[in-house]
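> Quick one: sequence plus predicted model below, questions after.
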Amino acid sequence: MDNVSIYAPGEDTDAATPNAILPRATIRDMCRRRQHALDLFGQAFTVLTTAAEALDQAKAAFFAIDQRGRSDRFTHFNEQEQAHFLAGLEVPELETFTEAARKMVDRRMWAVLVEMTDLERLMDKQAKDQLHRQLQEEVPEAIESNVYATLQQLMLDADVIFKRGIANCFTSLDRRFRSHDGWKIGSRVILSRAFGDTGHWNFYRSERDTLHDIDRTFNVLDGRQNPHLVGGIVHAVEQARQGGWGARQTEVESDYFKVRVFMNGNLHIWFKRDDLVEKVNALLGEYYGAPIPEDREPDPDTGLHDPKTSLAKRYGFYPTPDDAAQRFFNFAPLWRRDEDGPLTILEPSAGTGNLAGPAAKRGHVVDCVEYQPALAEALKVCGLFRRVQCIDFLALKPNPGALYDRVLMNPPFDRERDIDHVLHALEFLKPDGCLVAIMSAGTEFRETRKSIAFRALMESMNAEWEDLPAGSFASVGTYANTRMLRVWKDGRSSRRW
C-alpha cells in the first residue's frame, strides 16, 4: 500500500497533489464551517437565555392578574398553552451547552473526514465500530492542526488497519486463517446457520456482515472500489432468494466467489481467484510477522522427530506479555499440597523470565535454559532460580535422575520449531509430570507431515488446547496468533488433577 502524505499546517499549498490525502483548501473550508456552526450555537444560547428570562417575566405577569390564584373551568389552560407559555425554558449551564454542541459538531466533522478519504474502504467492521465508540465517548476537537495530525496517523496506520481487518475477517470465517500457512487452496468456507427457518438472514449470527467483509477485501485486493451492500455478493444472494419463504437452496456466483446456501441455512463459499487467496495469505503473514514461504528457502517436509538445528531468526525471542502470562498461569496446573513440597519446574526458553519468574515467586524450584548470554546472565543475577544454563535447549540432554514435575515454555514459533522444542521438553518430565506451552496457531491445522504427526501424538496423550486472544503478543512485536497446550506425560486427562 502506498504511503499517503498530508500537508503540514504551515505549508502554503491549497491544491492536492496525487499523494495527498485531502486538499488543504478542503480541510480549511470544513474547519471554517465547523467554527461557523459553533458560533451560531453560541448565539443561540444567548437568545435562549434572553427568551427564558422574557418568558419567566411573562409568566409572572400572567399569574399577577389574579392575586387569589383561582383555578376553575374559566381559568383552566390546555396542554398546548402549558407547553408554549407556562412551562418555561430549561437552559443548561453555558459550559455544558457549549461542550455538548462542540461534541455534536465534531462527531460529524470526523465522520465526514474519514468518509472523504480512502480510509473508509480499508476499514473493516471492527475498525468502524471502534471509531464509532471513540466518537461517542471522547471526541477530539476537529481544529485544523488536530485534523492534520489525526489523519496523518491514520494513514500511517492504514496498512496495519487493513491487514488487521483481513485477519479479523478471515479468522472469523475459518480457524485455518489464524495462521498464514494454515489455509489450503481449494478449500471452502462454511458460514453456519447464516439463514434462519424463514429463509431470511439469521441476524443473530451477523453472517451478512461477514460475507460483505470478504467481498470488500477481495475487491480492494483486486484494485476495485469497495462494493456497497447493493451491487456486491450480498446483494446477489438476496436477489436470488427474493420472493421465497422458508428453507430453500440457492446458488450464485460472482467474479470472486461461488456461494451456495443449503436447506439447513448453512452458506458455503468457494474462492474462485487463487491469486487473491494467496494475497490474503501473504498479508496475513506480514501482519502476523511470519516469513512468506516464497521469500525464503522452502522447508523440507520433515517428520515429527527431525528437529531443525539452525537457530531461529532473532532467536525466536518474543517475551510473554503480562496478560498472556496471566492466562498461562490460569491454564497451568501448579497447585500443590503443602506437605508435598514445591514443584520442580523447567523453563527451556527462559528469555527475560516472564514465565520462570512468577513460577519461582510462587515458591517453586525453577531451572532455566537460555541461549542468549546477556539474557542468561540477567536470569542468574536476579537470584530467583536454582540453576541457569546458557545453551541451545535442543542440544541439552535430560538427566534421568533429575526430571521435572512441570515444564513451562514459550518456545520459538517459526518453521515448526515450537513442535521440536515441545517434543524435546517432554523428555525432561517425570512420568506424572505436565508440560504447558505457548505454540503457534498454525500447529492446529498446518498440513505438513510434522504438524499432522504432532496433532496425532497430542490427541493420543489427551492434550488440551486453549486459544490466547488475537494480538496477545502485539506489544512485543508480533501479531501471530497463539494457543496454549497442556499435556501430561502419562496421558491423563487434565480434568483429573
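Alright, I've got the coordinates. Keep in mind it's a predicted model, so treat the numbers as computed, not measured.

> switch to C-alpha atoms for all contacts and neighbour counts from now on
Fine.

> List the buried residues of stretch 67-82.
Buried positions in stretch 67-82, judged by neighbour count with 16 or more other C-alpha atoms under 10 Å: none.

> Could I get the CA-only coordinates of it as PDB?
These are the backbone C-alpha positions of stretch 67-82, laid out as PDB (Å, rounded to 0.1, in the frame of the first residue of the first chain):
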ATOM      1  CA  GLN A  67     -53.800  37.500  43.100                       C
ATOM      2  CA  ARG A  68     -56.100  34.800  44.500                       C
ATOM      3  CA  GLY A  69     -54.700  32.200  42.200                       C
ATOM      4  CA  ARG A  70     -58.100  30.900  41.200                       C
ATOM      5  CA  SER A  71     -58.400  27.600  39.300                       C
ATOM      6  CA  ASP A  72     -61.800  26.800  37.700                       C
ATOM      7  CA  ARG A  73     -63.200  25.900  34.400                       C
ATOM      8  CA  PHE A  74     -62.900  29.500  33.200                       C
ATOM      9  CA  THR A  75     -59.100  29.700  34.000                       C
ATOM     10  CA  HIS A  76     -58.100  26.200  33.100                       C
ATOM     11  CA  PHE A  77     -55.400  26.100  30.400                       C
ATOM     12  CA  ASN A  78     -54.800  23.200  28.000                       C
ATOM     13  CA  GLU A  79     -51.600  21.200  27.300                       C
ATOM     14  CA  GLN A  80     -50.600  23.400  24.400                       C
ATOM     15  CA  GLU A  81     -50.900  26.600  26.500                       C
ATOM     16  CA  GLN A  82     -49.000  24.900  29.300                       C
END
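
> chain center to it: distance?
Here stretch 67-82 shows a centroid-to-chain-centroid distance of 62 Å under the convention C-alpha atoms, centre = their mean, to the nearest Å.

> Show me what the mean pLDDT comes to for that stretch.
Across stretch 67-82, the average pLDDT comes to 72.

> Make residue 1 into 352 and carry on from there
New numbering, starting at 352: the last item is stretch 418-433.

> Please enumerate the strands of this protein.
Remark: strands of the chain, listed N- to C-terminal, are 539-542, 601-604, 608-612, 618-622, 695-698, 716-720, 738-740, 755-760, 780-791, 815-818, 833-839; assignment by DSSP state E.

> strand partners of the last one, parallel vs antiparallel please.
Partner strands and pairing direction for strand 833-839 (DSSP bridges) are strand 780-791 (antiparallel), strand 815-818 (antiparallel).

> Residues touching the shortest one, excluding its own?
Right, strand 815-818. By C-alpha atoms under 8 Å, 6 or more residues apart in numbering, the list of residues contacting strand 815-818 from outside reads 833-838, 845.

> Export the strands paired with strand 833-839 as JSON lines, with columns for mean neighbour count.
Output for those, formatted as JSON lines (neighbours: other C-alpha atoms under 10 Å):
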{"stretch": "strand 780-791", "mean neighbour count": "22"}
{"stretch": "strand 815-818", "mean neighbour count": "16"}
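
> picking up where we left off before, return the member of the strands of the chain having the minimum mean pLDDT.
For the strands of the chain, where the average pLDDT is lowest is strand 539-542, sitting at a mean of 83.

> for it, packing partners?
Using 3 or more C-alpha pairs under 8 Å, 6 or more residues apart in numbering; DSSP states H and E as the contact definition, the elements that strand 539-542 packs against are helix 495-524, strand 618-622.

> Same question for it: list its buried residues.
Residues of strand 539-542 classed as buried by neighbour count (16+ other C-alpha under 10 Å): 541-542.

> what's the answer for stretch 716-735, then?
The neighbour-count check on stretch 716-735 (16+ other C-alpha under 10 Å) flags 716-723, 726-727, 730, 735 as buried.

> Out of those residues, which two are the most distant from each other?
Set against one another by C-alpha to C-alpha, the buried residues of stretch 716-735 have their most distant pair in Val716 and Gln723, with a gap of 22.0 Å.

> thinking again about what came up before, right, and the strands paired with strand 833-839 - which one's nearest Gly547?
strand 815-818 (29.3 Å).

> Can you list the residue ranges for helices in the stretch 702-848 of the chain?
Remark: helices assigned in the stretch 702-848 of the chain by DSSP state H, counting those that start in this stretch are 707-712, 724-733, 768-777, 800-811.

> err, the stretch 502-651 of the chain, not the other one
Ranges of helices in the stretch 502-651 of the chain, per DSSP H, counting those that start in this stretch, are 558-572, 584-591, 625-639.

> just so I know, which of these lies nearest Ser791?
Distances from Ser791 to each of these were compared using C-alpha to C-alpha; the minimum, 10.5 Å, belongs to helix 625-639.

> Ile416: how many residues sit nearby?
Residues lying near Ile416 (other C-alpha atoms under 10 Å) number 9.

> Excluding sequence neighbours, find me the nearest residue to Trp839.
The spatial neighbour of Trp839 that comes closest, neighbours along the chain excluded (C-alpha to C-alpha, 6 or more residues apart in numbering), is Cys785 at 4.2 Å.

> Check the contact between that neighbour and Val758; I expect there is one.
Yes: the pair formed by Cys785 and Val758 meets the contact definition of C-alpha atoms under 8 Å, at 6.6 Å.

> quick revisit: may I have the residues that are in contact with the residue nearest to Trp839?
Contacts for Cys785 (C-alpha under 8 Å, 6+ apart) come out as 684, 756-758, 837-840.

> what sits opposite it in the beta ladder?
As assigned using DSSP bridges, the partners bridged with Cys785 are Arg757, Trp839.

> number of nearby residues for the nearest residue to Pro672 once chain neighbours are set aside?
Counting by C-alpha to C-alpha, 6+ apart, Pro672 lies nearest to Phe824, which is 6.4 Å off, once chain neighbours are set aside. For Phe824, the number of neighbouring residues by other C-alpha under 10 Å comes to 22.

> Surely Phe824 touches Tyr830?
Yes: applying C-alpha under 8 Å, one finds Phe824 in contact with Tyr830, separated by 5.9 Å.

> Touching, Leu754 and Phe779? I think so.
Yes: in terms of C-alpha under 8 Å, Leu754 counts as a neighbour of Phe779; the distance is 5.3 Å.

> Which one of these two is surrounded by more residues?
It is Phe779, of Leu754 and Phe779, that has more neighbours when counted by other C-alpha under 10 Å, with 25 against 18.
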